[in-house]
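okay, sequence plus prediction incoming.
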Amino acid sequence: MHQEPAPPTRHLRVHQDRGHTVLEFHGEIDIAAALEIAPVLDRMTARPEVRLVIDLRPVDFFDCSGLRLLYRARARVLDQDGELRLVCTHPLALRIMRVTGLTRLLPAHPTLDAALGQPEATSGSL
């Protein structure tokens, strides 16, 4: 089943990578951003056996509204026998996820390659 890509919003970009739908959150993820992102996220997580990656690296600010989005996405993906992976290096977001226990349920990866199980590209010389 082919699904049309989600239109980009100010706080969300969607693209495909190695069989996964990647949702990049951008900017300040607060209640206003969550209201913009939630309908797209709900549409994406309603598909059976969906394979999603949420990438928080472009995030400048992350509060409990963003946390609620992640918990909701995880629950909905599991209900559909899907897979959800997370990419995050933002210190505040990681701290919030650790304090609430989300990192035990949804471990954060430092890069998209790591989240997708691929070795990271190396650069430089020996």
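In hand now; what should we look at? Numbering: from 1, shown residues only.

surely Thr21 touches Leu12?
No - the pair Thr21 / Leu12 is not scored as a contact, 11.6 Å apart, by Cβ atoms under 8 Å. For the C-beta atoms, the positions are set from N, CA and C on the backbone; glycine is no exception.

with neighbour numbers in mind, choose between the two.
Comparing Thr21 with Leu12 by other Cβ atoms under 10 Å, the one with more neighbours is Leu12, at 22 against 19.

please report phi then psi for that one.
Dihedral angles of Leu12 (phi, psi; degrees, to the nearest 10) stand at phi -150, psi 130.

quick one: the spatially closest residue to it that is not a sequence neighbour from Pro58, how far?
Excluding its sequence neighbours, the residue lying closest to Leu12 (Cβ to Cβ, 6 or more residues apart in numbering) is Ile37, at 5.1 Å. Per Cβ to Cβ, to the nearest Å, Ile37 is found 13 Å from Pro58.

what's the answer for Ala34, then?
Ala34 sits 16 Å away from Pro58, taking Cβ to Cβ as the criterion.

who's more crowded, these two?
When neighbours are counted by other Cβ under 10 Å, Ala34 and Pro58 differ, and Ala34 comes out ahead with 20 against 14.

can you pull the contacts of that one?
By Cβ atoms under 8 Å, 6 or more residues apart in numbering, the contact set of Ala34 is Ser65, Gly66, Arg68, Leu69.

buried stuff in the helix or strand hosting the second one?
When you say that, I think you mean Gly66. Assigned by DSSP states H and E, Gly66 belongs to helix 64-79. Buried positions in helix 64-79, judged by neighbour count with 16 or more other Cβ atoms under 10 Å: Ser65, Gly66, Leu67, Leu69, Leu70, Ala73, Arg74, Arg76, Val77.
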